Structures are given as C-alpha cells and as structure tokens.
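> quick one, fold the following:
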Amino acid sequence: MPTPCCANTFDQKTLKTMKNKTKIALTGTLTGLVTLIIIVSASGKLASVPQLVEIFSKIGLLPYLKILGMTELVFLALFLWNKTRKLGLLLLTGYFGGAMAVEMSHGTFFIAPAAILAMTWITAYLQDEKIFFSEKKEVTKPATTIL
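Okay, the predicted model is just below:
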C-alpha cells in the first residue's frame, strides 16, 4: 500500500536535530543580546553619558558611576566564561536585583533591569540546564544494626 506523498517525512533523529539547532540559535541570539545590552550599559557609565550623569546625580550614585560600569563588565565576563558561569550569574543577579531596588526606592521605572535579569536567567538556563541544580550527590548512610 503506497504512503501519501506528505506523510510523516521527519524521523525522530531529524526532529531532534532541528530542536538542537533551534536551541543553539536561540541560545546564541539571547547570549549576544544580553552581552550587547550589558556592554552598552557599562560603556555609557564609563563614558559618563550626560543622561546617566543626570540620573545618577539625582539618586546620589554619581561617584560610583565608573565603578558600576567596570563591575558590569567584570560580572559579564564571569558569566560568559563557562568555568565561572554560576558565579557570574549569581553576581549579575545581585547587581540587577540591586538596580531594581534602587529604581523602585526612587520611584522610577524598574522594568529595564528586570528584563535584563530575566534574559540573563533564560540565557543561563539555555546554556546549561544543570546550572540551577545542586551538584551534591546524596550520601547514603550505612545501615546500622540494632544490637
């Protein structure tokens, strides 16, 4: 009995390969986007862009503008390097969590750091799904006998 021309033409291996290619493309795109956003943010702080100088003056953080820019770059580098990805994620989470807290305490719009943080977490998950799980192995205690 002949099969229809457009019957299931994809086997499981092809489907899995397509899913892997999609994941790789999505991971690369999000990693590039997060990297670009953080580099632009840090560069603006290091270059003392007038709009940032005005904002940081209002909230009293102007003396720390360049330090915060360098901090962003260091945390990003730690996040992008495979061996220090967990530490980088932890530090970026603290940094952008702090940015959200400062924005909310001054009545400004905190969605930008929240969006960057969300994209960072999604990127971390796509790069390594095990990043959010403990690496500790359960230690089984030897059974004790009652005498």
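> helix or strand, whichever it is, which one in this structure has the lowest mean pLDDT?
Taking mean pLDDT, DSSP states H and E as the measure, the chain has helix 12-46 as its least confident helix or strand, at a mean of 87.
> please name the residues that touch the most centrally placed residue in the chain.
Geometric centre of the chain, nearest residue: residue 120, 1.7 Å, by CA atoms, centre = their mean. Listed by CB atoms under 8 Å, 6 or more residues apart in numbering, the contact partners of residue 120 are 34, 79, 89, 92, 93, 96. (Glycine included, C-beta is placed from N, CA and C.)
> residues contacting the third one?
Okay, so that is residue 89. Contacts of residue 89 (CB under 8 Å, 6+ apart): 79, 120, 121, 124, 131.
> if you set the cut-off to 6 Å instead, what comes out?
By CB atoms under 6 Å, 6 or more residues apart in numbering, residue 89 lies in contact with 79, 124.
> gap between it and residue 36?
With distances taken as CB to CB, to the nearest Å, residue 89 is found 18 Å from residue 36.
> that older thread, list the buried residues in the least confident helix or strand of the chain.
Buried residues in helix 12-46, counting neighbours by 16 or more other CB atoms under 10 Å, are found at 27, 30, 31, 34, 35, 37, 38, 41, 42, 44, 45, 46.
> out of those residues, which is nearest to residue 59?
Top of the list for closeness to residue 59, among the buried residues of helix 12-46 and by CB to CB, is residue 45 at 13.3 Å.
> is it true that that closest one touches residue 65?
Yes. Between residue 45 and residue 65 a contact is recorded at 5.2 Å, counting by CB atoms under 6 Å.
> out of the buried residues of helix 12-46, which one sits closest to residue 104?
Nearest to residue 104 among the buried residues of helix 12-46 is residue 41, at 18.2 Å by CB to CB.
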